[in-house]
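Asks: here's a sequence, model it:
(one chain, ligands or ions: 2)
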Amino acid sequence: MQPFADRRALLSARMQQAGGGVAVLLTAPEVPRNRDSHYPYRWDSYFYYLSGFAEPEAALVLVATEQPRSILFCRSKDAEREIWDGFRIGPQAAAERFGFDAAYPFDALDEELPRLLADQPAIYYAMGSDSALDGRIRVWLDAVRAQARAGVSAPARAFDVRALLDEMRLIKDASEVALMQRAASISARAHVRAMRATRPGRREYQIEAELLHEFRAAGSQYPAYSSIVAGGANACVLHYRDNAAELRDGQLLLIDAGCELDGYASDITRTFPVNGRFSGPQRALYDVVLAAQRAAIEATRSGATFIAPHEAAVRVLAQGMVDLELLAGSVDGLIESGAYRRFYMHRTGHWLGMDVHDCGEYREPGAAAAGDGERPWRVLRPGMVLTVEPGIYVRAADDVPAEFHDIGIRIEDDAVVTEGEARIITADVPKAPDDIEALMRS
Ligand code: MG
Ligand code: MG
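Replies: Ligands and ions are numbered 1, 2, ... in the order given. Alright, predicted model coming up:
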């Protein structure tokens with residue numbers, strides 16, 4: 001529980017620097033799927049980051065004064081409901097076990113919040129994230145204002161608590177990096193299992209099942225996002241979802257899948273031949289993407305900008321497109337005009353953490369706009385975690401060499417920025433063509 005308490009203390013300190021106030025964070029609601037059945041429950045990342053508390057119907061209130069206090073609101077013990085839905089810890093035990101200064105039943109929120117907000121200078125919450133929350137905040141503030149004649153003042157300022165938390169979540173602490181390494185290792189094993197299980201005649205969902213088996217058998221609660229298992233031309237659909245086609249001899253299979261473990265995501269992509277051997281044209285394109293990924297990883301280091309890996313990857317990809325006669329012209333010209341985007345239309349990475357596309361600004365917050373009217377790109381610092389995922393996607397077209405038609409390739413690893421070279425936490429799954437072929441033969 002110590003990392004959670006440390007984060008609450010840090011958030012309180014940052015709020016105090018801005019004059020103090022009260023932060024209110026609600027966890028995510030349960031979402032019905034149909035009638036009496038719900039989607040698998042996933043708490044709100046901001047709430048969990050500060051509390052470690054996994055039950056639905058819960059709220060965290062931080063009072064950032066000289067003596068900061070953290071107060072949990074959670075479901076009361078309920079013998080009847082616990083028979084149907086399982087154990088609830090209840091406020092009293094939650095306060096003890098999780099280290100909160102106080103805990104109340106969730107139902108007491110509307111009664112307690114006006115008291116907690118009285119005479120506080122500011123309120124911090126996820127502004128505009130949810131109209132129900134916005135409405136409740138207004139009701140609580142009205143209840144404070146109603147006491148004005150008794151000499152009570154209401155918060156005069158409101159801040160989005162996520163602005164402070166995004167900056168905190170961007171730099172992972174040691175416990176988070178350790179957890180992300182475990183999630184990454186499980187996902188790497190799942191990709192190895194998928195490679196071994198792939199052969200012509202199997203269907204995409206059968207390979208997806210191999211991934212899910214490995215995730216769940218290792219204790220992962222959910223996939224971090226919908227797995228993409230895309231054979232042949234399906235790999236050129238960036239967010240392919242069907243996962244239903246039969247895999248054919250001579251195709252490549254692109255798998256983009258990662259598990260979530262105790263709230264932290266992993267995100268791996270590998271592309272490999274369904275029959276275990278790359279054809280000449282497949283290998284030629286693959287080698288370009290792999291070289292681009294290596295250049296991007298090389299550029300992922302403390303002091304470089306977030307965009308440096310992307311720029312490194314784009315240069316190698318554009319050169320490869322010229323060499324393989326997908327495009328004509330100079331590399332500089334193709335980068336300048338953006339012509340390379342016909343075959344590489346996404347960014348090379350994103351922040352990774354509790355959310356697969358994790359929070360955190362990609363440009364320096366608070367910095368002045370540069371000559372192009374944009375704030376400068378974020379400088380990478382140790383503890384930031386991001387993906388490195390270049391690709392090439394060649395849809396069939398008359399002006400493209402036929403040997404490359406319908407080939408989609410992406411290679412994605414997860415990188416922790418350190419003082420030196422980036423630490424690749426997904427390295428357990430092969431990506432060199434010879435290593436992939438050897439694994440698939442074994
Ligand atoms: Mg991915
Ligand atoms: Mg990704």
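Asks: around the closest residue to P29 other than its chain neighbours, how many other residues sit close by?
Replies: Counting by CB to CB, 6 or more residues apart in numbering, P56 is the residue found nearest to P29 once chain neighbours are left out, at 6.7 Å. For glycine as for every other residue, the C-beta is placed from the backbone atoms N, C-alpha and C. Around P56 there are 19 other residues, counting by other CB atoms under 10 Å.
Asks: and the residue positioned nearest the centre of the chain, what does it touch?
Replies: Note on the chain: the residue nearest the mean C-alpha position is V356, at 1.7 Å, using CA atoms, centre = their mean. Going by CB atoms under 8 Å, 6 or more residues apart in numbering, V356 touches 224-225, 258, 260, 265, 267.
Asks: of these, list those near ligand 1.
Replies: When these are filtered against ligand 1 using CB under 5 Å from the ion, the residues retained are D267.
Asks: among the contacts of V356, who's most crowded?
Replies: Across those, the neighbour count under other CB under 10 Å reaches its highest value at G258, namely 30 neighbours.
Asks: measure that one to Y205 for me?
Replies: For G258, the distance to Y205 (CB to CB, to the nearest Å) stands at 18 Å.
Asks: how about P390?
Replies: 27 Å.
Asks: between those two, which has more neighbouring residues?
Replies: Applying other CB under 10 Å to P390 and Y205 shows that P390 carries more neighbours, namely 30 against 14.
Asks: may I have the phi/psi pair for the more buried one?
Replies: When read as degrees, to the nearest 10, the backbone of P390 gives phi -70, psi 160.
Asks: and if you look at A23?
Replies: Here is the backbone geometry of A23 (degrees, to the nearest 10): phi -100, psi 140.
Asks: which pLDDT value goes with it?
Replies: We have a pLDDT of 98 for A23.
Asks: repeat that for D372.
Replies: Per-residue pLDDT puts D372 at 83.
Asks: neighbours of it, how many?
Replies: Other residues within reach of D372, judged by other CB under 10 Å, total 7.
Asks: residues in contact with it?
Replies: By CB under 8 Å, 6+ apart, the contact set of D372 is empty.
Asks: which strand or helix spans it?
Replies: Element membership of D372, judged by DSSP states H and E, is empty: it is in no helix or strand.
Asks: distance of it relative to ligand 1?
Replies: 29 Å (CB to the ion, to the nearest Å).
Asks: what are the phi and psi values for that residue?
Replies: Recorded main-chain torsions at D372 are phi -80, psi 10, according to degrees, to the nearest 10.
Asks: check the residue nearest to M1 when sequence neighbours are not counted and give its pLDDT.
Replies: Of all residues not flanking M1 in the chain, G99 sits nearest, at 5.1 Å (CB to CB, 6+ apart). What the model reports for G99 is a pLDDT of 96.
Asks: just put the contacts of V356 in JSON lines and tack on pLDDT and secondary structure.
Replies: Listed next are these as JSON lines, based on pLDDT from 0 to 100; DSSP: H, G, I helix; E, B strand; the rest coil:
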{"residue": "A224", "pLDDT": "98", "secondary structure": "coil"}
{"residue": "Y225", "pLDDT": "98", "secondary structure": "coil"}
{"residue": "G258", "pLDDT": "98", "secondary structure": "coil"}
{"residue": "E260", "pLDDT": "98", "secondary structure": "strand"}
{"residue": "A265", "pLDDT": "98", "secondary structure": "strand"}
{"residue": "D267", "pLDDT": "98", "secondary structure": "coil"}
